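Q: Here's a sequence, model it:
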Amino acid sequence: MNILIITQRVDINDDNLGFFHEWLEKFAKNSDKVFVVCLWKGDYKLPSNVEIFSMGKESGASKIIQFFRLQAYLFRRVKRCDGIFIHMSPIYAIGSFPMAKLFRKKMLMWYVHKSKNFKLWLAEKLVNKIYTASQESFLIKSRKVEVVGHGIDTDKFFPKKIDGSGKFKILFAGRISPIKDLKTLISAMGILSKEIGSGSFNLEIVGDAVDGEEQEYFNALMKIIKERKLSDCVSFSGGLRHDEMPSKYNNSDVLVNLSPTGGMDKAVLEAMSCGILVLAANETFKSILAQANYNSMFRFGDAEDFSRKIVGLMSISQEERDRIGVGLRSVMVKNHSLDNLIKRISEYFK
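A: Numbering: from 1, shown residues only. You can find the predicted model right below:
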């Protein structure tokens, strides 16, 4: 089978989209040839049956040049593939439709986000199938939508406890963005500091501010930390490569996620695959956690409820944490593994 994939970025070192490199590795194992079109090409280490073509954003190509490069490449390669897979970019589904129609190729789009806009609405009309991770991660009603679970590389994200001593380690992983509700997280750390002392825990925030708005948000968070004298228990590590995250999860006691209900943040699932406790506000995770007989949710935006739940997790014995971790990983391997997802995508085009 030959497959053509369109994605935003191919860069193993990218702290946001570096995970897609793992997807391409898996596609290479399940395909004879993989043609990849990306907006931005960085560093990659892929098998010889993977061909990477960039629309040229990394070299400053304008949007009109990017468009014509995309069409030229599709004209040369679509006829040689069995289908087109679009990753998270409705605009590429729209741009690929004429060539897909011309050469009578099916288009499958992967989309996991709670946003709705005209581009997504139009892309839904043009593609043949849409795969998403949960009912909450694609909000346009459509018969084309199929919930298939997420794609976590459970071979890379597996339990390997590094340091089980010292302070209780709280980890947040994600963009420094208002939607992540990090102000509630910082407020909860202030509550914990007063109630149990800042010497008994530490919070590490892994992630970058990627634009001006997020940089302003980061500056506001730093001001709050300084005002509440939390610098000794709250730290920022910046963005990390995706291949650095397994050890980061495994060196933590709990991964926290404060986003509202919507699409599933991948960090929560990666932590679960590592057998690490998680605490989330997003109701989408409730049914997933229930499959492992684990209930660790808090009310969105409620710093006091969050801090109470953290205290409760701190009281759990290591033996109980290990038992919970086995259950969490089992759910990931069964229902959200990258191997299963790639096989399902490949089978669609056969």
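Q: can you count the residues close to Gly312?
A: 11 (other Cβ atoms under 10 Å). Heads up, the C-betas are built off the backbone N, CA and C, glycines and all.
Q: For it, identify the helix or strand it belongs to.
A: Following DSSP states H and E, one finds Gly312 within helix 303-314.
Q: ok, and for that helix, which residues are buried?
A: Within helix 303-314, the residues that count as buried by 16 or more other Cβ atoms under 10 Å are Ala303, Asp305, Phe306, Ser307, Arg308, Lys309, Ile310, Val311, Leu313.
Q: which outside residues touch that helix?
A: For helix 303-314, contacts defined as Cβ atoms under 8 Å, 6 or more residues apart in numbering pick out 168, 170, 184-185, 187-188, 190-192, 195-196, 200-201, 253-254, 256, 258, 277, 279, 281, 296, 298-299.
Q: Sort out for me which of those residues are in helices.
A: Thr184, Leu185, Ser187, Ala188, Gly190, Ile191, Leu192, Glu195, Ile196 (DSSP state H).
Q: which among the residues you listed end up buried?
A: Using 16+ other Cβ under 10 Å, the buried members of these are Thr184, Leu185, Ser187, Ala188, Gly190, Ile191, Leu192.
Q: For the residues you listed, could you give me TSV that also reports distance to Ile3 and pLDDT?
A: Shown next, in TSV, are those (distance: Cβ to Cβ, whole Å; pLDDT from 0 to 100):
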residue	distance to Ile3	pLDDT
Thr184	42	98
Leu185	40	98
Ser187	47	97
Ala188	45	98
Gly190	50	97
Ile191	50	97
Leu192	48	97
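Q: give me every residue that touches the closest residue in space to Arg228 that isn't next to it in sequence.
A: In this structure, Arg228 finds its nearest non-sequential neighbour in Gly190, 4.7 Å apart by Cβ to Cβ, 6 or more residues apart in numbering. When contacts are counted by Cβ under 8 Å, 6+ apart, Gly190 touches Arg228, Leu230, Ala303.
Q: which residues touch the helix or strand of the chain with the lowest mean pLDDT?
A: Least confident element among the helices and strands of the chain, by mean pLDDT, DSSP states H and E: helix 284-290 (a mean of 92). With contact meaning Cβ under 8 Å, 6+ apart, helix 284-290 is reached by 134, 136-137, 257, 261-264, 268, 272, 278, 280, 295-297, 328, 331, 335-336.
Q: picking up where we left off before, put together CSV for the contacts of Gly190, with distance to Glu213 and pLDDT on each row.
A: What follows is the contacts of Gly190, written out as CSV (distance: Cβ to Cβ, whole Å; pLDDT from 0 to 100):
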residue, distance to Glu213, pLDDT
Arg228, 23, 95
Leu230, 23, 97
Ala303, 23, 98
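Q: Distance check, the residue nearest the centre of the chain against Ser137.
A: Centroid-nearest residue in the chain, with Cα atoms, centre = their mean: Lys266, separated by 3.2 Å. Counting by Cβ to Cβ, to the nearest Å, the separation of Lys266 from Ser137 is 11 Å.
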